[in-house]
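S.K.: Sequence and predicted structure are below.
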Amino acid sequence: MMTNLFSTFDPATSSNFSLNWMSVSLGILFLPSMFWLIPSRVSLMWIKITTTLHNEFKILLKINKMKGTTLIFISLFSLILFNNFLSLFPYVFSSTSHLVLTLTLALPLWLSFMIYGWINNTIHMLAHLVPQGTPPVLMPFMVCIETISNVIRPGTLAIRLTANMIAGHLLLTLLGNTGPSMSLIMLNLLVITQILLLILESAVAIIQSYVFSILSTLYSSEVV
């Protein structure tokens, strides 16, 4: 029985170690070696998706010398997408609904971009603090605003993903808990609504993983 509204997101399964976090690596069990060795429709579809992402990220990064740069962002997209979809199944822990995981993905990426940019392209990074055409009177204020907006980037990345996943899961949980007290007609409407919400959540899972990876790519392209 739920003690509060957010108890469905409780990661604690024991007093010593939370086994729920093992859901992040569940993909290893679902993707056997035969998936990679023998071409199938699923593997060909996934190759098509990753190729499309590679071409898009390559344009945003504007890097021709460093081959394979887009691999980290495609891997990031795959990890978030898989965990978002897994969390839609019953009794599977929603790892992307916790800031522990999303901040772990966003903060090291942003920090590495900033360290690389300020060490190798210091003048370029300073120029980003003052947009072109800013009046001299407003320059100190623009530097403060740009600095704050730059610092909160990993937080906005993490909170955006977490909030979107929590909102959908809470709505599904709240509607599902009202089922036992409903009449037969209302119960049929509830089932249809839950199916529609599940389709919407599947779309949100794809969109949020794409948004997270594309914004990470855009942040990295600014430091080069």
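M.R.: Received the coordinates, thanks.

S.K.: where does residue 52 land on pLDDT?
M.R.: pLDDT for residue 52: 91.

S.K.: Just the element for it, please.
M.R.: helix 41-61 (DSSP states H and E).

S.K.: Could you tell me how many residues sit around residue 61?
M.R.: Using other Cβ atoms under 10 Å, residue 61 has 17 neighbouring residues. For the C-beta atoms, the positions are set from N, CA and C on the backbone; glycine is no exception.

S.K.: Surely it is in contact with residue 217?
M.R.: Yes: if you go by Cβ atoms under 8 Å, residue 61 and residue 217 touch, sitting 6.3 Å apart.

S.K.: Check the contact lists of these two and give me the overlap.
M.R.: residue 70 (Cβ atoms under 8 Å, 6 or more residues apart in numbering).

S.K.: May I have the phi/psi pair for residue 98?
M.R.: As for residue 98, its main-chain torsions (degrees, to the nearest 10) stand at phi -120, psi 140.

S.K.: Quick check: it touching residue 162?
M.R.: Yes: the criterion here is Cβ under 8 Å, and residue 98 meets it with residue 162 at 6.7 Å.

S.K.: so what secondary structure elements neighbour the longest helix anywhere in the chain?
M.R.: As assigned by DSSP state H, the longest helix anywhere in the chain is helix 184-221. In terms of contacts (3 or more Cβ pairs under 8 Å, 6 or more residues apart in numbering; DSSP states H and E), helix 184-221 is packed against helix 41-61, helix 71-86, helix 99-120, helix 153-177.

S.K.: That helix: which residues count as buried?
M.R.: By neighbour count with 16 or more other Cβ atoms under 10 Å, helix 184-221 contains the buried residues 197, 201, 204-205, 208-209, 211-214, 216-217, 219-220.

S.K.: if we can go back for a sec, same list, the helices and strands packed on helix 184-221, but as a markdown table with distance to residue 145 please.
M.R.: As requested, the helices and strands packed on helix 184-221 are exported to a markdown table (distance: least, Cβ to Cβ, whole Å):
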| stretch | distance to residue 145 |
| --- | --- |
| helix 41-61 | 24 |
| helix 71-86 | 27 |
| helix 99-120 | 17 |
| helix 153-177 | 13 |
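
S.K.: which of these sits most buried?
M.R.: Comparing the helices and strands packed on helix 184-221 by mean neighbour count (mean count of other Cβ atoms under 10 Å), helix 71-86 ranks first with a mean of 19.
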